[in-house]
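Peer 1: Could you look at this predicted model? Sequence included:
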Amino acid sequence: MEKQDVVIIGGGPAGRSIVHSLHAAEKNLSITLIKDEPVNVNRCAVPYGINGKREIEKYQIPNRLVTDFNADLMIDRVEEIDVNAKQVQTAKGTGYEYHHLVLATGSRPIVPPIPGIDGDGITPVRSLADLARRRELAAKSTNALVIGGGYIGIEVAVVLQEMGLSVTVIEMLPRILMATTEPEFVAAVEEKLDTMGICLMTEQKVVAFERASAGSIRVGLDNGDGLDADLVVLSMGVAPNTELAAKAGLEVGRTGIWVDEQLRTSGKDIYACGDCAQKFSFVNQMPVRGEFGTNAVFMGKVVALNILGNPTAFPGVINANATAVGDLSLGSAGFTEAMARDAGIDAVTGFSSVMDKYPMMDGVASVLTKLVFDRRNGKLVGGGVLGKGVCTAAKVDFISFAIQMGATLEDLVSYQYATHPELAAKPSDNTYVFAARDAKKKI
Ligand SMILES: Cc1cc2nc3c(=O)[nH]c(=O)nc-3n(C[C@H](O)[C@H](O)[C@H](O)COP(=O)(O)OP(=O)(O)OC[C@H]3O[C@@H](n4cnc5c(N)ncnc54)[C@H](O)[C@@H]3O)c2cc1C
């Protein structure tokens with residue numbers, strides 16, 4: 001059995017990020033990446049692949065993104081880790097000895113044990129196989145039910161509606177998008193979904209799936225009502241893939257594999273990163289969920305630095321995120337007001353609504369910003385943006401970077417920015433300055 005400098009389990013963004021970072025360091029390490037998906041899918045794009053507008057190959061991530069970077073690729077499933085012998089064993093019976101091992105095993109969709117949930121016409125949103133299946137089903141369906149009103153569920157609902165299906169979203173909580181979005185923005189999204197003809201049912205729990213006539217599925221709710229659909233899409237969150245780590249005796253928590261600040265697990269020379277690993281917040285260093293592609297990539301970079309012998313602490317996740325709903329786009333970074341208060345932060349918030357272009361330009365629309373500060377030290381701890389068009393992600397990036405740099409309310413009141421009639425608000429108006437000023441008035 002040949003000893004590898006680095007063995008990586010998992011070929012998602014976390015695993016690939018480690019390969020790329022190690023390759024960039026030009027240390028000529030022997031690296032083997034083992035993954036059980038023959039071809040990975042670009043998960044973030046999966047909701048958009050349902051409409052069949054582009055060939056399915058466009059959603060694939062080519063394996064050369066591993067093999068072109070000086071790593072051996074094995075399509076296999078790791079079944080066992082021997083932490084004492086520093087070896088892994090695969091389903092095909094191959095063993096690999098490692099100097100460093102990285103668990104980048106990701107997460108899987110939560111599929112609760114609801115009677116009938118594994119039947120035909122019911123599918124999660126994750127892999128290339130799911131995507132192919134959903135395309136087939138969506139093309140022949142007229143009624144779709146999306147279970148889960150998080151950002152992925154809403155993205156799927158919009159795509160299905162644009163394909164001409166009648167779509168209902170069922171959410172157990174009182175509002176959709178609650179994990180990442182301020183209530184002020186949720187209201188705008190709900191209104192948009194309503195005008196698009198997408199039906200929202202909140203505070204409803206699905207308790208059963210039954211086959212009705214001609215392939216139709218009867219979905220039972222806990223209030224005794226029922227709905228019929230030809231296609232049911234499950235988008236109820238994800239669970240970290242921790243079983244392999246647990247079987248090897250590594251410490252595992254409720255939200256993932258335990259890691260220290262250098263992303264080392266409790267096993268010698270074993271790291272974990274991405275969706276499978278526990279995360280803590282950049283803002284208050286407390287445990288937080290954070291299943292985002294950008295977190296996976298960033299954690300992968302930190303793991304690579306530590307493997308390379310440059311001790312690097314992971315600073316925690318800011319959870320920058322963005323999504324689109326019709327012509328609206330929205331996103332957030334850090335804590336929402338509710339999260340900040342739950343974390344015991346004395347939060348003070350500022351709100352702004354400014355034009356995204358000069359008022360005389362075509363297509364001018366409002367951009368709404370909400371910033372959350374810690375009253376104690378004036379530091380920005382979170383913020384969200386809602387606007388039209390595609391530049392919301394860049395606006396969220398600004399908030400994320402400001403949090404990362406420890407920006408305060410005073411910094412945001414006086415920061416310097418660009419303007420242009422087509423690209424930004426008029427010189428006197430800036431969405432962050434206005435929101436910070438609004439917060440300042442309350443202090
Ligand atoms: C529909 C959808 C849309 C999303 N949209 C966004 C978005 O817009 N923005 C964003 O930031 N994030 C988004 N995400 C989240 C993002 O995709 C994940 O956070 C990211 O993929 C996590 O990367 P990872 O490498 O940790 O895990 P994964 O991507 O889950 O990859 C883990 C890999 O490990 C493999 N594996 C697991 N166990 C083993 C084993 N024992 N042996 C071998 N291989 C194994 C798995 O099969 C998988 O290929 C989305 C997710 C989904 C599902």
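Peer 2: Cool, the structure landed. Residues are numbered from 1 along each chain as shown.

Peer 1: List the buried residues in stretch 225-239.
Peer 2: Neighbour counts over stretch 225-239 (16 or more other CB atoms under 10 Å) mark 227, 229-239 as buried. Using the backbone N, CA and C atoms, a C-beta is placed for each residue, glycine as well.

Peer 1: Among those, which pair sits farthest apart?
Peer 2: The widest separation within the buried residues of stretch 225-239, taken as CB to CB, falls between D230 and A239 and amounts to 27.5 Å.

Peer 1: Inside strands: which ones of the buried residues of stretch 225-239?
Peer 2: Taking DSSP state E as the definition of strands, those contribute 227, 229, 231-234, 238-239.

Peer 1: Looking at those residues, spot the one nearest the ligand.
Peer 2: Nearest to the ligand among those, counting by CB to the nearest ligand atom, is V238 at 6.8 Å.

Peer 1: From P112, how far off is that closest one?
Peer 2: The spacing between V238 and P112, counted by CB to CB, to the nearest Å, is 13 Å.

Peer 1: what do you get for I75?
Peer 2: Where P112 is concerned, I75 sits at a distance of 30 Å (CB to CB).

Peer 1: Neighbour count: the two, which is higher?
Peer 2: More neighbours surround I75 than the other of I75 and P112, with 15 against 12 (other CB atoms under 10 Å).

Peer 1: So what's the residue count around the residue of the stretch 251-400 of the chain found nearest the ligand?
Peer 2: With CB to the nearest ligand atom, the shortest gap between the stretch 251-400 of the chain and the ligand falls at G274, namely 2.2 Å. If you count neighbours by other CB under 10 Å, G274 ends up with 35.

Peer 1: Would you agree it is in contact with G10?
Peer 2: Yes: at 7.1 Å, G274 counts as touching G10 under the criterion of CB atoms under 8 Å.

Peer 1: Touching both of those two, which residues are there?
Peer 2: Taking CB atoms under 8 Å, 6 or more residues apart in numbering as the contact rule, the neighbours common to G274 and G10 are 104-106.

Peer 1: how about the residues of the stretch 151-300 of the chain that lie near the ligand?
Peer 2: Listed as neighbours of the ligand in the stretch 151-300 of the chain under the rule CB under 6 Å from any ligand atom: 152, 241, 244, 274-275, 291-294, 296.

Peer 1: In the protein, which residue is most central in space?
Peer 2: Of all residues in the chain, the one closest to the mean position by CA atoms, centre = their mean is F292, 3.0 Å from it.

Peer 1: then the helix or strand encompassing L380 to CSV, C-alphas only?
Peer 2: Element membership for L380, per DSSP states H and E: strand 380-388. Once non-C-alpha atoms are left out, strand 380-388 reads as follows in CSV (Å, rounded to 0.1, in the frame of the first residue of the first chain):
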residue,chain,number,x,y,z
LEU,A,380,-21.3,45.6,12.2
VAL,A,381,-22.5,42.1,12.9
GLY,A,382,-24.8,41.5,9.9
GLY,A,383,-26.7,43.0,7.1
GLY,A,384,-29.1,42.2,4.2
VAL,A,385,-29.9,43.7,0.9
LEU,A,386,-32.9,43.4,-1.5
GLY,A,387,-33.0,44.9,-4.9
LYS,A,388,-33.6,44.2,-8.6
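
Peer 1: Find the least confident helix or strand in the chain, judged by mean pLDDT.
Peer 2: Between all helices and strands in the chain, the lowest mean by mean pLDDT, DSSP states H and E belongs to helix 128-139, at a mean of 85.
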